[in-house]
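Undergrad: Predicted model, plus sequence, below.
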Amino acid sequence: MNKLAEWQLTLPLALAFAAIFLAPLLMLVGVSFFSDDKITQPGFAQWVKFYGDPFSYKVIADTMLLGVKTVCATILVGYPLALVYLDAPPRLQKVLIFVIVMPLLLSVVVRTFAWIVVLGREGVVNQLLLSLGIISEPLRLLQTELGLVISLTQIEMPLMLLPLISVMSRLDPNLRDASAALGASRWRTLFTVIVPLSMPGLVAGCLLVFASSTTAFISQTVIGGVRLIYLPLLIWQQSLVVFNWPFAAVVSIALLISVLTVVSALSWLGRRSGGYVHG
Amino acid sequence: MQSTPAARTLDVEDLTVRYGQALAVDGVTLAIEPGEVVALLGPSGCGKTTLLRVIAGFVRQAAGRVRVDGATIDHLPANQRNIGIVFQNYALFPHMTVAENVAYGLRARGARGPEVQARVSRFLDVVQLGGFRERLPRQLSGGQQQRVALARALAVEPSILLLDEPFAALDRNLRLDMQIEVKRLQRTLGLTTILVTHDQDEAMSVADRIAVMNKGQVEQFDTPVAIYDRPQTLFVNGFIGTTNLMNGKVAALRNGTATVALDAGASLSLAAPTGIGVGAAVLISVRPEQLALSSVPGPNAWKIEPGLSLPIGAQLVHEARTADGASLKIVEPRRAAAADAARIYCTLAADARPTLFPRST
């Protein structure tokens, strides 16, 4: 088989990608260069409108910050969980993996509404804190960023844990023993051996959680409400409420570029650390 | 090599380890002399690695004590025991260079700066890897990785050195080189060393004493020569080297010497173990090199039916069958003389020391 023929084998998939993926993206970019919402007048008016407004930068920053906070929270909860999983006996591991994957088996709408029940004024958290006498009146958790980060942390947790566990369980268990025999404490072993070697999984997890939480439209709007405005909400309002498609296209491109920038920075980090792990 | 730390004694007393219901180590007692190399030898699953892991502090025993220089170390976690260990797969930190791997234990002990670098250099020179400081482990061959693991374990000047099947992953020629190297280092440093292995040749060549283990218990703890020549149990007898077993019966006992009537048809005088009476059924274990072929019949020779003869290296291995149906292996030095078809009798070689075991009938 000659080289040309081999190259031709990729054509069906390449064409499918072009039709399903690339074409809509190009159309999106095209639509953004129309000045009016009827898409008749070519021009840069929507770009000027979006990037000329300080509010836009605030929304971009809030969205990215929401991603960063969710990533940090999933690491703080997920990393110890992964360590627990690693030390657990095989039977417990099976139970744990089921618990970890379960959020993925539920509809995102169901999960999000469950969090409303948990976080609401009459919700589980407030009832508990009130009855313990820790607070005197209900905390406001719904429609706050804190409540949103808490629920996103649970919703995105599988995306952090699965890559982390898959990398960690491939680590040679003797490495921990070797470290201990050389006189290292558990913390030293954790930070000088386990964390550096689990970096590829950690980076992959961060990547997935960041991309997923910054674009989690349903959770953002249902829990955050309309008072917390993130880029996905802005896109939805502009495209389906105001019907200003060119402006919605400009916001979409802003979201795409912001997420891509952070994600490619993260995967560059991942490639650098990935070189150390073998087998 | 400067500063040779005083070698330590290691005492294992009545050590028992349970995994669930199963006894992995069952009441093991070993007293190991300072500077001695002891091999824990046995088939897989005999508890030798578990015993090693208890000494290192990775596994907690159900009962018994481990003492270094008389002081118990059972309450200490692994990172405070100062026991060096080399793993079968070396367990080098893959993200650290050779120098960082060797420096790891020193840094964990709080050492900093030029002192660390000096010791790293010294121990890399000891294992002849001075030029490989900045390499990553995966850029090294198996033998080099093992040397790094050894340097890493030795750099912290451990009180005891543990080697967990350290040569198993090396090819044959390299294995011998590394065995010599480890032995040399151990001698220079005067380190009390425990070697876990399932390879009896390795145990024989490296160890001063061998503890043969089976089903969590030590069957015999003795020098390699004693283990080979005077196995105390049938298990040790069968596990170490090749041996021939023949049935017989004790015909007479006098002054600790038993006259045994072989079922194959001969009479042998052998040292009798305690607890064997006249008329007892016994098994006689003879090494292939302790048997000789002869063309002369006699009271101490039994008739055989010769089988194949195979030249193996410098030796000739004869196969033969006795009158009572036991198959024998007889080893002779290979000589120029042609095989003598008249040699249909088997005798004990002049210096043969067969072992008697009671046989349950």
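TA: Perfect, I can see it now. This structure is a prediction, so every number in the text was calculated from the model and none was measured. Numbering: from 1, shown residues only, chains lettered A, B, ... in the order given.

Undergrad: tell me the mean pLDDT for the lengthiest helix in chain B?
TA: Longest helix in chain B, counting residues (DSSP state H): helix B:172-189. Across helix B:172-189, pLDDT averages out at 86.

Undergrad: ditto for stretch A:147-167
TA: Mean per-residue pLDDT for stretch A:147-167: 93.

Undergrad: buried residues in that stretch?
TA: Neighbour-count burial for stretch A:147-167 flags A:147-165, A:167 (criterion: 16 or more other Cβ atoms under 10 Å in any protein chain shown). All C-beta spots, glycine's among them, are computed from the backbone N, C-alpha and C.

Undergrad: Name the helix or strand of chain A that has the lowest mean pLDDT.
TA: Evaluated with mean pLDDT, DSSP states H and E, the helix-and-strand set of chain A has its lowest mean pLDDT in helix A:3-8, which scores a mean of 77.

Undergrad: Now do the contacts for the closest residue to residue A:64 other than its chain neighbours.
TA: Excluding the flanking residues, the one nearest residue A:64 by Cβ to Cβ, 6 or more residues apart in numbering or on different chains is residue A:258, at 5.8 Å. Neighbouring residues of residue A:258 by Cβ atoms under 8 Å, 6 or more residues apart in numbering or on different chains: A:60, A:63, A:64, A:214, A:231.

Undergrad: Up against chain A, what does the stretch 101-250 of chain B have?
TA: B:104, B:105, B:108, B:109, B:136, B:138, B:152, B:153, B:156 (Cβ under 8 Å from any Cβ of the partner chain).

Undergrad: Show me what from the stretch 151-279 of chain A comes close to chain B.
TA: A:172, A:174-175, A:177-185, A:188, A:192-193, A:196-197, A:276-278.

Undergrad: at 6 Å instead, please
TA: Residues of the stretch 151-279 of chain A lying close to chain B by Cβ under 6 Å from any Cβ of the partner chain are A:172, A:174-175, A:177-178, A:180-185, A:188, A:193, A:196-197, A:276, A:278.

Undergrad: thinking again about what came up before, with secondary structure and pLDDT added, can I get the contacts of residue A:258 in CSV?
TA: Output for the contacts of residue A:258, formatted as CSV (DSSP: H, G, I helix; E, B strand; the rest coil; pLDDT from 0 to 100):
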residue, secondary structure, pLDDT
A:60, helix, 95
A:63, helix, 95
A:64, helix, 95
A:214, helix, 94
A:231, helix, 94
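
Undergrad: What subset of those residues is buried?
TA: Listed as buried from the contacts of residue A:258 are A:60, A:63, A:64, A:214, A:231; burial here means 16+ other Cβ under 10 Å.

Undergrad: Assess the claim that the last one and residue A:255 are in contact.
TA: Yes: Residue A:231 is within contact range of residue A:255, at 4.2 Å (criterion: Cβ atoms under 6 Å).

Undergrad: what about the residue in the stretch 251-361 of chain B that chain A sits nearest to, how many residues close to it?
TA: Proximity of the stretch 251-361 of chain B to chain A (Cβ to the nearest Cβ) peaks at residue B:313, 37.0 Å away. The tally of other residues near residue B:313 (other Cβ atoms under 10 Å in any protein chain shown) stands at 7.

Undergrad: pLDDT score for it?
TA: Predicted confidence (pLDDT) for residue B:313: 81.

Undergrad: do the one 5 residues further on as well
TA: Reading off the confidence values, residue B:318 has pLDDT 88.

Undergrad: before we move on, what about residue A:275?
TA: Looking at residue A:275, its pLDDT stands at 52.

Undergrad: What subset of the residues of the stretch 101-250 of chain B next to chain A is buried?
TA: B:104, B:105, B:108, B:136, B:152, B:153, B:156.

Undergrad: Any stretches of chain B with poor pLDDT?
TA: Where chain B drops to pLDDT under 70, the residues are B:1-5, B:336-341, B:361.

Undergrad: Let me see the ranges of the helices in it.
TA: B:48-56, B:98-108, B:114-126, B:142-155, B:172-189, B:200-206, B:224-229, B:234-239.

Undergrad: out of those, nearest to residue A:247?
TA: helix B:98-108 (54.5 Å; Cβ to Cβ).

Undergrad: and the closest one with helix B:114-126, angle?
TA: With axes from the mean of the first three to the mean of the last three Cα atoms, to 10 degrees applied, the angle from helix B:98-108 to helix B:114-126 works out at 130 degrees.

Undergrad: what angle do helix B:98-108 and helix B:142-155 make?
TA: Going by the same axes, to 10 degrees, helix B:98-108 makes 20 degrees with helix B:142-155.

Undergrad: how close does the residue nearest the centre of chain B sit to residue B:196?
TA: For chain B, the residue sitting closest to the mean C-alpha position, by Cα atoms, centre = their mean, is residue B:203 at 3.0 Å. Distance, residue B:203 to residue B:196, using Cβ to Cβ, to the nearest Å: 10 Å.
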